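# For reference, the sequence and a predicted model appear below.
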Amino acid sequence: MELISRQKQPEKNKSDNGIENNPPLPVRLRFWEVDCFFKCPVIGMCLTFSEQKKLLKKSGFSYKNASPFDIHEKLVASAQSENPLSKRIDELVDRKYGKLAQALLMLEENEFMAKFESAFEKGDITEIYWAAAVHPSLCFEFKRQIVGRVHMTMHRNSEENLKIKLKLEARETELERTGEEAKTARQYGRNLKKENQRLKQENADMAAALSAARSKNRRLEEEISSMCSQSCMKEFDKENRKLKNKVSTLSEKLKQTREQQSELENENRGLTFELEQVRALNDRLTGEIREVTEELASLSRCDSSCPSYDLCEKRVLIVGGMTRMESLYRRLIKENGGVLEYHDGYIKQREGVKQLECRLKRSDLVLCPVNCNSHSACSIVKNLGKKHGKTVHMLAQSSLSSISRTIREEISMSGTVN
């Protein structure tokens, strides 16, 4: 990285009679005058993506089909000279941070660096970074330290972001599973509640029938006592025995119903307790995901707006692996700036081998998990790699961590990351 130092301006002025006066306010550099190594980070750190699009629109440039990197590149390119777009950038950033920057420009260099270190430790360096960029007399070594600290922090944050995203995905999966379990438990509880209500109604109906049978029995007993005829007594005794048998049957059935109702109520209480535990777990997981999301949002990112992006649109071919994890593989490669080529590893037919060879030829990096591919498939991948001069990594596992680790090692060895 080439740094260009500037000479310091005089610190104090003297009047004609030799008396020292207060130094004049330093005149900051304009955006197109700052050192080249500041221009890209200033666009990425000091302007939101929405502000970048508005600047292009006001300057008459179209961004309809432009990617975030295209927009970033256009704004950085405008900083090579004074033009309407670079003027708009200068005015917008100065409106946002110019007041604080002017105060910082009045400091001595050592005081300025102390302010930078304090802001860096707090994780809030946007304003002082702009002040460093437009400082007219900051020395070469201090500029080098500021740019180096910020640049290396962006690389470390990229790796931390990936770890947090993987952790967040695991938490989201667990939360979805817990939500499904809670949904099932709630449905089961509703069914039990309906069954309990039905049994209560049936119990009330049986109690009413028993009460009616007892009333009828008392009435018949009264009628029997008032009758003197022996034949009538025999009929009444027979009817009485039938009613008593019926009352006994209804009483036994009522007892069984009450026992069943008691069991269902106990089961319902147990399920209610389990549902409360599931809800508590659900709330805890929701809180953890929110904390991880806030932690992720608080970290600076080195994304596709940075020229030192990890994979730089390289094509990564994954052969085999877990088919249901293809979307996760694709997301991992895409977030690192690459393009995923995927083949399920089934190459029994000639067409399967042909498709694999076509994808391997246009790929920059080939990953082949051996635990998800046959011995024959692994041999074919190795032979095709030798045939077309492609680097083939045989992985012991098909997990996201194994694939991510291999990609980082390859990037480190090939020197892709600056």
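Received the coordinates, thanks. Keep in mind that what you see is a predicted model, and the values were worked out from it rather than measured. Residues are numbered from 1 along each chain as shown.
# tell me the mean pLDDT over whichever strand or helix holds residue 174?
Here residue 174 sits within helix 140-226, counting by DSSP states H and E. Across helix 140-226, pLDDT averages out at 79.
# All further residue positions should be reported with the first residue as 11.
With 11 as the first residue, the last one maps to helix 150-236.
# Which elements pack onto it?
Applying 3 or more CB pairs under 8 Å, 6 or more residues apart in numbering; DSSP states H and E, we find helix 150-236 packed against helix 46-56, helix 119-132, helix 136-144, helix 240-308, helix 336-345, helix 410-424. For glycine as for every other residue, the C-beta is placed from the backbone atoms N, C-alpha and C.
# Now do it and helix 119-132, the angle between them.
Angle, helix 150-236 to helix 119-132, by axes from the mean of the first three to the mean of the last three CA atoms, to 10 degrees: 20 degrees.
# and helix 150-236 with helix 336-345, angle?
Angle of helix 150-236 versus helix 336-345, following the same axes, to 10 degrees, is 150 degrees.
# Now do helix 150-236 and helix 46-56, the angle between them.
With the same axes, to 10 degrees as the basis, helix 150-236 and helix 46-56 are set at 20 degrees to each other.
# Show me how far helix 150-236 is from its chain's centre.
With CA atoms, centre = their mean, to the nearest Å as the basis, helix 150-236 stands 24 Å off its chain's centre.
# Select, out of the helices and strands packed on helix 150-236, the one closest to residue 154.
Counting by CB to CB, residue 154 lies closest to helix 46-56 out of the helices and strands packed on helix 150-236; the figure is 9.0 Å.
# Just the C-alphas of that closest one, formatted as PDB.
In PDB, the C-alpha atoms belonging to helix 46-56 read as follows (Å, rounded to 0.1, in the frame of the first residue of the first chain):
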ATOM      1  CA  CYS A  46      -5.800   7.300  -2.500                       C
ATOM      2  CA  PHE A  47      -5.800   4.700   0.200                       C
ATOM      3  CA  PHE A  48      -8.400   6.700   2.200                       C
ATOM      4  CA  LYS A  49     -11.000   7.000  -0.700                       C
ATOM      5  CA  CYS A  50     -12.400   3.400  -0.700                       C
ATOM      6  CA  PRO A  51     -12.800   3.100   3.100                       C
ATOM      7  CA  VAL A  52     -14.400   6.600   3.300                       C
ATOM      8  CA  ILE A  53     -17.100   5.600   0.800                       C
ATOM      9  CA  GLY A  54     -17.700   2.200   2.500                       C
ATOM     10  CA  MET A  55     -17.600   3.500   6.200                       C
ATOM     11  CA  CYS A  56     -19.000   7.100   6.000                       C
END
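# hmm, back to that, would you reformat the helices and strands packed on helix 150-236 as CSV and include distance to residue 376, mean pLDDT and mean neighbour count?
Below are the helices and strands packed on helix 150-236 laid out as CSV (distance: least, CB to CB, whole Å; pLDDT from 0 to 100; neighbours: other CB atoms under 10 Å):
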stretch, distance to residue 376, mean pLDDT, mean neighbour count
helix 46-56, 32, 82, 20
helix 119-132, 41, 80, 14
helix 136-144, 40, 79, 24
helix 240-308, 31, 74, 13
helix 336-345, 13, 87, 17
helix 410-424, 10, 81, 16
